[in-house]
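Peer 1: Here is my input; please provide its structure:
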Amino acid sequence: MTDQNGKHYVCVSCGNPVRELYKKYSNTVKCNQITDKYIEVEEFIILIDALLLVSSAFRHMIYNGKFKLYWKISLVVLLLESFALCRQQRADGSNTALYERGFYMSALQNIGEYLLMTVLLLFITALLGFGQLSKVGFAPLALTILKVVAISNFSKFFLLPILVWGSNTTDFGRNLHYMLVTGHHLCSLVMAYNVVGIISNHLRWLSILLVICAFIMKEYVRYFQAFQMVL
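Peer 2: Numbering: from 1, shown residues only. So this is what the prediction gives:
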């Protein structure tokens, strides 16, 4: 449902569409819960809940909240991930010019991965939910999927400890940390895509499997590019 300004709202507890967020706090369709408990919550708390993989926080960020702040956070995450990737590939930062060039190349690589993931998710949505796609429209759906990718990338905040520890950790510890961050990123991506609700329930598990396959493909492209840069 949409309001007078054409804004689309959903209940963060069950995902059903609602007309308003403020006047009728019990205005939900099935779950009889408060429509959006995050409507008067600070964005920082919402971000923490998203990092804790709370599905209602994902719904609020995608549908009900103002996403302008999260686009800015996504830019910070992009710079953080680019620096981490550059540092991983070039442990020796003595050559400042080469290190700076590597940072910008890493940023372009990450932007390409974000766009690739968006395209893959759009393809999965078109494959499994073409009927809903025709109702929603391509442009609104593409924006929603882009928000899903941006929110899932907030997992990259967990790269901060490895940047702080730097050379004070072993290769095993560093690789284990990257593996845990990657696992959290995958869980965040699956949950954020799941709350969009475009895919019907009987195809939900198939869509999750395809999202995991798309993520694996994206990671394969990442490691292939890293291998090419080493060569």
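
Peer 1: Would you map the helices across this protein?
Peer 2: Using DSSP state H, the helices of the chain run over 43-51, 55-59, 68-89, 96-128, 130-136, 138-152, 160-165, 171-196, 204-230.

Peer 1: Looking at these, which is nearest to residue 21?
Peer 2: For these, proximity to residue 21 was assessed by Cβ to Cβ; helix 55-59 is nearest, at 12.0 Å. Where you see a C-beta, it was placed from the backbone N, CA and C, and this is true even at glycine.

Peer 1: my guess is residue 158 meets residue 183, correct?
Peer 2: No - Residue 158 lies out of contact with residue 183 (Cβ atoms under 8 Å); the separation is 10.2 Å.

Peer 1: So the two - more neighbours on which side?
Peer 2: Between residue 158 and residue 183, counted using other Cβ atoms under 10 Å, the more crowded position is residue 158 (16 against 11).

Peer 1: Tell me who's in contact with the closest residue to the more buried one other than its chain neighbours.
Peer 2: Of all residues not flanking residue 158 in the chain, residue 181 sits nearest, at 4.7 Å (Cβ to Cβ, 6 or more residues apart in numbering). By Cβ atoms under 8 Å, 6 or more residues apart in numbering, the contact set of residue 181 is 155, 156, 158, 159.

Peer 1: need the contact list for the second one.
Peer 2: Under the criterion of Cβ under 8 Å, 6+ apart, the neighbours of residue 156 are 77, 80, 81, 84, 181, 185.
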